[in-house]
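K.L.:
Let me see the structure of the following:
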Amino acid sequence: MSFQVLKVTLLPGKKIYFASDFHLGAPTHSDSLIRERRIIRWLESIRHDAQLICLVGDLFDFWYEHKRVVPRGFVRLLGKLGELTDAGIEIIAFPGNHDMWMTDYFEQELAIKTYRRPLDLQVETTNATSTKLFHIAHGDGLGPGDYFYKLLRIVFESKLASWAFGTLLHPNLALWLGQSWALHSWRKHEKEGQPLYLGEEKEWLVLYAKEEEHLQHHDFYIFGHRHIKLDLPINTQSRILILGDWIVYNSYAIFDGQHLQLLDYQEK
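P.N.:
Numbers count the residues shown, from 1 in each chain. Okay, here's the model as predicted:
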């Protein structure tokens, strides 16, 4: 399968950052606000050397863009993202399973390009001494299994479903239903506890990365979605990173042109 390709020449002293699964809006306004302020502090801490920031899905616990209405809240994050892109820092975003109904708001208002499908990111250094190829996606619906969700996603991503939700329901009702559904999912995951790594033979994203590696070599596979932190070799030349989240780990990845690290944000 061929994927859309984004080419980046990494300037001296600059870095690429990856983060996912903020789930802003859940489980309560006050909890979300604490998390949002922490994310803002992290974004401010990296602005001095960030050339590209990749937001790898589920930024919001629920998101829907009506033609003239977007969900209330998140003004600190949206303002900070706009400030960073205005300063010349490139930001890209991947809609996740919780915010799959992103359309053009981020692109029009914040100059943040969104990618609905996996992306191949080709990174070169200015002296052209190395080129690294990343394969990036939120991760939902990839790999074997999870057929019910894959079918459900096809339904929810259809133009008919999006039109019906946004047109036939008043925004107050539509957003309440969406947020209630997302909160139900949050409560279910809280009850089940923090997800655990299932092992190489059962972790769907690991199996997906191995299958893709048979088709085309990538140096790094970057995913969110699973809410686990994972840095695992696929073979002697490839690694998979699952980015964790900002609910438990406050984790992110950083690439400096040579090395890729998975770190936790530590406030000074």
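K.L.:
Point out where the stretch 151-268 of the chain drops to low pLDDT.
P.N.:
Counting by pLDDT under 70, the stretch 151-268 of the chain contains low-confidence residues at 152-153, 155-156, 161, 164-165, 169-170, 172-178, 182-184, 186, 190-191.
K.L.:
For it, just list every one of the strands.
P.N.:
Remark: strands assigned in the stretch 151-268 of the chain by DSSP state E, counting those that start in this stretch are 220-223, 229-233, 239-243, 251-255, 260-264.
K.L.:
Can you say which of the ones you listed is nearest to K188?
P.N.:
strand 239-243 (20.2 Å; CB to CB). Just so you know, the C-beta spots here come from the backbone N, C-alpha and C atoms, and that holds for glycine as well.
K.L.:
Now do the contacts for the most centrally placed residue in the chain.
P.N.:
Centroid check for the chain by CA atoms, centre = their mean gives V56 as the closest residue, at 1.5 Å. By CB atoms under 8 Å, 6 or more residues apart in numbering, the contact set of V56 is 18-21, 94, 96, 136-138, 222-224, 243.
K.L.:
make it 10 Å
P.N.:
18-21, 92-94, 96, 115, 119, 136-139, 222-225, 241-243, 252-253 (CB atoms under 10 Å, 6 or more residues apart in numbering).
K.L.:
I'd like to know which of the residues you listed are buried.
P.N.:
In the contacts of V56, burial by neighbour count holds for 18-21, 92-94, 96, 115, 119, 136-139, 222-225, 241-243, 252-253, counting by 16 or more other CB atoms under 10 Å.
K.L.:
still on that earlier bit, just name the most buried of the strands of the stretch 151-268 of the chain.
P.N.:
Among the strands of the stretch 151-268 of the chain, strand 220-223 has the highest mean neighbour count (mean count of other CB atoms under 10 Å), at a mean of 27.
K.L.:
wait, isn't D140 in contact with Y208?
P.N.:
No. Judged on CB atoms under 10 Å, D140 makes no contact with Y208 at a distance of 11.2 Å.
K.L.:
Check the contact lists of the two and give me the overlap.
P.N.:
Common neighbours of D140 and Y208 (CB under 10 Å, 6+ apart) are F223.
K.L.:
Quick check: closest non-adjacent residue to D21.
P.N.:
D245 (3.7 Å; CB to CB, 6 or more residues apart in numbering).
K.L.:
secondary structure element for W42?
P.N.:
W42 is part of helix 29-46 when elements are defined by DSSP states H and E.
K.L.:
Check which helices and strands that helix is in contact with.
P.N.:
strand 15-19, strand 50-55, helix 75-86, strand 251-255 (3 or more CB pairs under 10 Å, 6 or more residues apart in numbering; DSSP states H and E).
K.L.:
Let me have those in CSV, extended by distance to K229.
P.N.:
Formatted as CSV, these follow (distance: least, CB to CB, whole Å):
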stretch, distance to K229
strand 15-19, 12
strand 50-55, 17
helix 75-86, 22
strand 251-255, 6
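K.L.:
Determine which of these approaches Y105 most closely.
P.N.:
helix 75-86 (9.2 Å).
K.L.:
how distant is the closest one from the center of its chain?
P.N.:
Here helix 75-86 is found 17 Å from its chain centre; the criterion is CA atoms, centre = their mean, to the nearest Å.
K.L.:
Run through who's touching it.
P.N.:
With contact meaning CB under 10 Å, 6+ apart, helix 75-86 is reached by 22, 24, 33, 35-37, 39-44, 46-47, 50, 53, 55, 59-60, 70, 74, 89-91, 93, 105-106, 109-112.
K.L.:
Can you tell me which of these are buried?
P.N.:
For the contacts of helix 75-86, buried by 16+ other CB under 10 Å: 22, 24, 35-36, 39-40, 42-43, 46, 50, 53, 55, 59-60, 70, 74, 89-91, 93, 106, 110, 112.
K.L.:
how near is A50 to I16?
P.N.:
According to CB to CB, to the nearest Å, A50 stands 8 Å off from I16.
K.L.:
which residues are common contacts for the two?
P.N.:
90, 254.
K.L.:
and stretch 53-70, how far out from the chain's middle?
P.N.:
The chain centre lies 11 Å from the centre of stretch 53-70; the measure is CA atoms, centre = their mean.
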